[in-house]
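Here is my input, please return the structure:
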Amino acid sequence: MQGRLSAWLVKHGIIHRSLGFDYQGIETLQIKPEDWHSIAVILYVYGYNYLRSQCAYDVAPGGLLASVYHLTRIESGVDQPEEVCIKVFASRSNPRIPSVFWVWKSVDFQERESYDMLGISYDNHPRLKRILMPESWIGWPLRKDYIAPNFYELQDAH
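Numbering: from 1, shown residues only. Take a look at the predicted model:
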């Protein structure tokens, strides 16, 4: 079933894939990485002026990585703001997604955390570096195929 935003995007020739609705009735759309930045600007102009959250996850061991954006249209006089969930999938071998920092500045630390934990590179992010792990950390701890270092062996070596 196509939602209101998906119908509007189709009407304007904007390529996407409808993933249906979540358990709260929020429309979920899939956008290709190469289209994400321009569609983010369109969504902002359309009224999605608030980025509620951004997160990322590992779809399956050896599979795709996903970056998820929850957007809201905040308008005065509207009791129930319109929301949408955007999913952008990236290949594990070269996970690159355009940053939307210059559209919604609130994504700053959230994209950095997704980079730090899963290794997704957000192109054109002004400060893309580790935020939780030390700069010297090797690997991406939230990937399902991540093998954690044996800290007991590391301690014994010192």
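
burial of Asn94, as a residue count?
Neighbour count of Asn94, defined by other C-beta atoms under 10 Å: 7. (C-beta placed from N, C-alpha, C; glycine too.)

On the three-state scheme, it is what?
When classified by DSSP: H, G, I helix; E, B strand; the rest coil, Asn94 comes out as coil.

Next: Gln24.
coil.

And the pLDDT at it?
Model confidence at Gln24, given as pLDDT, is 93.

what about the residue nearest the centre of the chain, helix or strand, and which?
For the chain, the residue nearest the mean C-alpha position is Ser67 (2.6 Å; C-alpha atoms, centre = their mean). According to DSSP states H and E, Ser67 maps onto strand 65-73.

what stretches of this protein score poorly on pLDDT?
Within the chain, the segments meeting pLDDT under 70 span 151-158.

Please, where are all the helices along it?
Applying DSSP state H to the chain gives helices spanning 4-11, 33-46, 108-118, 151-157.

what's the strand holding Ser67 packed up against?
Other elements packing on strand 65-73 under the criterion 3 or more C-beta pairs under 8 Å, 6 or more residues apart in numbering; DSSP states H and E are helix 33-46, strand 50-58, strand 82-90, helix 108-118.
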